[in-house]
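**Student:** the sequence and its predicted three-dimensional model are supplied below.
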Amino acid sequence: MMQLVRTTSDHSDFKYLTQLFDTFLIDIDGDEKDFFAQYNQIYLQNVVLCYENDVAIGCGALKAYDSQTGEIKRMFVHPEHRKKGVANSVLQELEKWAVELQFNFCILETSQKLENAIALYKKFGYRSIPNYGQYIGVESSVCMKKELK
């Protein structure tokens, strides 16, 4: 049975999953890995962990981008637990939390190589937007946005 837990980036299970994620991204980001890493080593106060049988199998985070917009960060599902709806559950919980925090929009950045991630976000109503912030001019980045209801 899956369970979602709200926590912060100080949680040891979040640190474990994001270490796996960072290792996975070395192959994805290649020479750009250090550029992306500098934006991922930050404290996040809105983290969702997904557990199955008391084992952390997925995560995601939300941070304020501006007063109207939350940014989805660090979405990852352990490779052995993919295709179980974990990412769906984490993303839905992050969006619910964003609404509670009175954000009107969510934005995110992902790699154009992560086709499954892009498909997930499109399924949830995210649309491509011009790259924002530090991702402006980064050709490998895909930025997306969704209006929250």
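**Tutor:** That came in fine, so what should we check first?
**Student:** enumerate every residue touching F76.
**Tutor:** Contacts here follow Cβ atoms under 8 Å, 6 or more residues apart in numbering; on that basis F76 touches 17-18, 20-21, 24, 58-60. For the C-beta atoms, the positions are set from N, CA and C on the backbone; glycine is no exception.
**Student:** quick check: mean pLDDT of the helix or strand hosting it?
**Tutor:** Using DSSP states H and E, F76 maps to strand 69-77. Averaged over strand 69-77, pLDDT sits at 97.
**Student:** show me what the next helix or strand after it is packed up against.
**Tutor:** As assigned by DSSP H and E, the chain's next helix or strand after strand 69-77 is helix 86-100. Helix 86-100 is packed against strand 2-7, strand 46-52, strand 55-66, strand 69-77, strand 105-111, helix 115-123, with contacts defined by 3 or more Cβ pairs under 8 Å, 6 or more residues apart in numbering; DSSP states H and E.
**Student:** partners of the strand holding F76 in the sheet?
**Tutor:** Sheet pairing of strand 69-77 (DSSP bridges) gives strand 55-66 (antiparallel), strand 105-111 (parallel).
**Student:** thanks a lot, catch you later.
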